[in-house]
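> Here's a sequence, model it:
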Amino acid sequence: MYNPPAFRETDTATLHGLIRAGRLAIMLSPSADGGLPDATHLPLLLDAEAGPLGTLHGHVARANPHADALRRSGRALVIFPGPEAYVSPSLYASKREHGKVVPTWNYVAVHAECDAEVYDDAARLRDIVTRLTDHHEAPRAERWAVGDAPDSFVAGQLKGILGVVLRITTLTGKRKLSQNRPEADRDGVRAGLAASEDPRDREVAAAMAGKA
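As a prediction, this is how the structure comes out:
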């Protein structure tokens with residue numbers, strides 16, 4: 001990921017926070033035929049205490065050929081997209097001063113390079129499915145739990161998936177939030193995005209204000 005110094009985020013705790021804020025990651029790894037990388041969208045849980053940079057846990061469909069490619073390569077790149085917004089030159093104070101401005105995009109992203117393990121142990125699979133379910137059901141008033149389904153049904157469903165453990169070896173964070181612009185331009189972008197009707201724009205404005 002191209003990452004100029006002005007946009008680099010290197011604090012591990014901050015990067016872990018961005019990972020946890022993401023709901024659906026993108027996992028990439030070398031394909032078996034040497035072509036374009038395999039890609040899978042999947043939710044992942046972070047164990048920040050496992051290893052120097054943490055470990056990610058999730059699962060993929062057993063029928064997904066990505067699992068075999070992941071086994072062979074033993075490596076993966078996981079992308080956690082964060083808030084993003086189009087930045088119009090009209091938001092810059094410098095547009096009114098000299099007009100030498102162009103559009104850009106503000107965004108936050110974390111890339112995690114990982115050593116990968118694929119497993120099919122039923123007990124471990126039930127554990128990660130349970131943990132993922134509990135995590136995402138937690139905000140709901142009426143929560144569903146794995147134990148709400150018949151054990152025989154759950155056992156059958158587990159046969160259709162494979163567990164994935166991704167031990168993070170490198171974390172790269174980017175917070176491109178107009179840091180390279182004059183203060184007046186940054187203020188204009190933040191105010192303009194905060195006033196937007198699009199919640200994605202307002203999320204970027206909050207990130208610029210240090211609130212996300």
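> So what does residue 169 have for phi and psi?
The phi and psi torsions at residue 169 (degrees, to the nearest 10) take the values phi -110, psi -30.
> what residues are up against it?
In this structure, residue 169 makes contact with 53, 113, 114, 115, judged by Cβ atoms under 8 Å, 6 or more residues apart in numbering. (Each C-beta comes from the backbone N, C-alpha and C, glycine too.)
> Go through the residues you listed and single out the one with the most neighbours.
When those are compared by neighbour count (other Cβ atoms under 10 Å), residue 114 ends up highest, at 26 neighbours.
> And the next helix or strand past the strand or helix carrying it?
With the criterion set as DSSP states H and E, the secondary-structure element containing residue 114 is strand 104-119. Toward the C-terminal end, the helix or strand that comes next after strand 104-119 (DSSP H and E) is helix 122-137.
> Pull out the buried residues from that next one.
125, 126, 128, 129, 132, 133 (16 or more other Cβ atoms under 10 Å).
> Would you mind extracting the C-alpha trace of the host helix or strand of residue 174 into PDB?
Residue 174 belongs to strand 161-176 when elements are defined using DSSP H and E. Extracted as PDB, the C-alpha positions of strand 161-176 are listed here (Å, rounded to 0.1, in the frame of the first residue of the first chain):
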ATOM      1  CA  ILE A 161     -16.500 -24.900   6.900                       C
ATOM      2  CA  LEU A 162     -12.800 -24.700   7.600                       C
ATOM      3  CA  GLY A 163     -11.200 -22.600  10.300                       C
ATOM      4  CA  VAL A 164      -8.600 -19.900   9.500                       C
ATOM      5  CA  VAL A 165      -6.000 -18.600  11.900                       C
ATOM      6  CA  LEU A 166      -4.000 -15.600  10.700                       C
ATOM      7  CA  ARG A 167      -1.000 -14.700  12.800                       C
ATOM      8  CA  ILE A 168      -0.100 -11.000  12.000                       C
ATOM      9  CA  THR A 169       3.500 -10.500  11.100                       C
ATOM     10  CA  THR A 170       3.200  -6.900   9.800                       C
ATOM     11  CA  LEU A 171       0.700  -4.200  10.300                       C
ATOM     12  CA  THR A 172       0.400  -1.200   8.000                       C
ATOM     13  CA  GLY A 173      -2.000   1.600   8.800                       C
ATOM     14  CA  LYS A 174      -3.000   4.600   6.700                       C
ATOM     15  CA  ARG A 175      -5.200   7.500   7.800                       C
ATOM     16  CA  LYS A 176      -5.400   9.800   4.800                       C
END
